[in-house]
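>>> Build me a model:
(chains A and B)
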There are 2 protein chains.
Amino acid sequence: MNTDENGETSKAPLSRGFSRGVSILDLVLRVIAVVGTLASAIAMGTTNQTLPFFTQFIRFKARYSDFPAFMFFVVANSIVSAYLILSLPLSIVHIISSRAKYSRLILILCDAAMLALVTAAASAAAAIVYLAHKGSARANWFAICQQFDSFCERTSGSLIGSFAATVLLILLILISAIALARR
Amino acid sequence: MNTDENGETSKAPLSRGFSRGVSILDLVLRVIAVVGTLASAIAMGTTNQTLPFFTQFIRFKARYSDFPAFMFFVVANSIVSAYLILSLPLSIVHIISSRAKYSRLILILCDAAMLALVTAAASAAAAIVYLAHKGSARANWFAICQQFDSFCERTSGSLIGSFAATVLLILLILISAIALARR
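Below you'll find the model as predicted:
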């Protein structure tokens, strides 16, 4: 803001103010994405349900680790969350020095890779959650959500943070690209 | 090439040669990604298998449309493939005018969105293919690949083009970002 007031007549400070605003938005979105992926990983990672009845052959107990797609979801969201935390210092550096080029390129590449990772995790988990809710008549897979109601609710809910992170990472890539174009 | 030879001593033509090379690479990768997603969509979309025996209750027939994740896979790959074909003219324009800015930004945004879409499709389909191969003991979902062997092979194979497109789209985003940075 200060920069804008000091040099409103020339173009450079205005542009620098815009760049700084974009970099601050980058930082804010990153923090939100950290919260989203971390919440998803924790919500899924702490999911288990034991039903109050059992037979001789089957223990009616469901944990996230019974389903490989849910395991992948927890691991992938943890990785993306850790990456986003590690990228925060770089994002702060970009607020100060708006002309950085190579660090933004690296950030775009890593953001795109992490976008693919978190989308893959969210989508694979969503496919299993869908099966748990609806089952598949053709494959003779029965819906398990009648029994494991709270397990299903919890796993469905934990997808939200992950899909939100997908949208945020798309915006982060766009923001980095705008910052590169305005340089 | 010609540009390089004419002005090797000054920096601008060299840089323009690099930009042109990058833009040509962009075009080539886009064409490969079109082939990959289109092949995936067609391979999955033409998958069905009828077993030579049946009972009173169950017809042993599997089509891709029996599984919503596979339907999504076909639709998403078709959309991404259509988008990539539509983006080819823009990619050609970028070879000619290397200083384009806004069109590259739009391309980065759309590429990132399409990256998310094709990754989601590939990943959801992969989750179902995994279940078809391994089943899930906890949910009492049995592996169906013993019966539907060619169905399983075909669906597994069709994932390759889609995952390749994921990698290619990450590279395309990086290439557009490099072109923006070199402008």
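>>> quick one: the helices in chain A?
In chain A, the segments counted as helices under DSSP state H are A:2-6, A:11-45, A:68-96, A:102-134, A:149-182.
>>> Please convert the ones you listed to CSV, extending it with mean neighbour count and mean pLDDT.
Every C-beta, even on glycine, is put in place using the N, C-alpha and C of the backbone. Shown next, in CSV, are the helices of chain A (neighbours: other Cβ atoms under 10 Å in any protein chain shown; pLDDT from 0 to 100):
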stretch, mean neighbour count, mean pLDDT
helix A:2-6, 12, 44
helix A:11-45, 19, 89
helix A:68-96, 19, 95
helix A:102-134, 23, 95
helix A:149-182, 21, 94
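>>> For residue A:52, find the nearest of these.
Of all these, it is helix A:149-182 that lies closest to residue A:52, at 12.1 Å by Cβ to Cβ.
>>> other SSEs contacting the closest one?
Under the contact criterion of 3 or more Cβ pairs under 8 Å, 6 or more residues apart in numbering or on different chains; DSSP states H and E, helix A:149-182 touches helix A:11-45, strand A:48-50, helix A:68-96, helix A:102-134, helix B:102-134, helix B:149-182.
>>> Residue B:27 is nearest to which of the ones you listed?
The closest of the helices and strands packed on helix A:149-182 to residue B:27 is helix B:149-182. By Cβ to Cβ, the value is 10.0 Å.
>>> still on that earlier bit, any chance of the helices and strands packed on helix A:149-182 in TSV, plus distance to residue B:26?
Listed next are the helices and strands packed on helix A:149-182 as TSV, based on distance: least, Cβ to Cβ, whole Å:
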stretch	distance to residue B:26
helix A:11-45	24
strand A:48-50	47
helix A:68-96	25
helix A:102-134	15
helix B:102-134	9
helix B:149-182	5
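>>> For residue B:24, find the nearest of those.
Among the helices and strands packed on helix A:149-182, helix B:149-182 comes nearest to residue B:24, with 10.2 Å by Cβ to Cβ.
>>> where's that closest one relative to the chain centroid, distance-wise?
Distance of helix B:149-182 from the chain centroid (Cα atoms, centre = their mean, to the nearest Å) equals 4 Å.
>>> out of the helices of chain A, which comes closest to residue B:109?
That would be helix A:149-182 among the helices of chain A, by Cβ to Cβ, at 5.0 Å.
>>> what sits against the residue sitting nearest the centre point of chain A?
Most central in chain A under Cα atoms, centre = their mean is residue A:165, positioned 2.9 Å from the mean C-alpha point. Counting by Cβ atoms under 8 Å, 6 or more residues apart in numbering or on different chains, residue A:165 touches A:33, A:36, A:37, A:40, A:77, A:80, A:118, A:122.
>>> Out of the helices of chain A, flag the one nearest residue B:170.
Comparison of those against residue B:170 by Cβ to Cβ identifies helix A:102-134 as nearest, at 4.5 Å.
>>> tell me the angle the closest one makes with helix A:68-96.
150 degrees (axes from the mean of the first three to the mean of the last three Cα atoms, to 10 degrees).
>>> can you pull the contacts of the nearest residue to residue A:180 once chain neighbours are set aside?
Distances taken as Cβ to Cβ, 6 or more residues apart in numbering or on different chains place residue B:180 nearest to residue A:180, at 4.6 Å, with adjacent residues excluded. Listed by Cβ under 8 Å, 6+ apart, the contact partners of residue B:180 are A:177, A:180, A:181, B:101, B:104, B:105, B:108.
>>> ditto for residue A:32
Counted by Cβ under 8 Å, 6+ apart, residue A:32 has contacts A:164, A:168.
>>> I'd like the distance between it and chain B.
Distance, residue A:32 to chain B, using Cβ to the nearest Cβ, to the nearest Å: 17 Å.
>>> My guess is residue A:144 contacts residue A:66. True?
No. With contact defined as Cβ atoms under 8 Å, residue A:144 does not count as touching residue A:66 (10.4 Å).
>>> Who has more neighbours out of the two?
residue A:144 (21 against 15; other Cβ atoms under 10 Å in any protein chain shown).
>>> I'd guessed residue A:92 sits against residue A:27; true?
Yes. Applying Cβ under 8 Å as the test, residue A:92 and residue A:27 come out as touching, 6.4 Å apart.
>>> quick one: contacts for residue A:29?
By Cβ under 8 Å, 6+ apart, the neighbours of residue A:29 are A:168, A:171, A:172, A:175.
>>> Swap in 6 Å and give it another go.
Going by Cβ atoms under 6 Å, 6 or more residues apart in numbering or on different chains, residue A:29 touches A:168, A:171, A:172.
>>> Excluding residues flanking it in the chain, which one is nearest the second one?
If I follow you right, that is residue A:171. Distances taken as Cβ to Cβ, 6+ apart place residue A:29 nearest to residue A:171, at 5.9 Å, with adjacent residues excluded.
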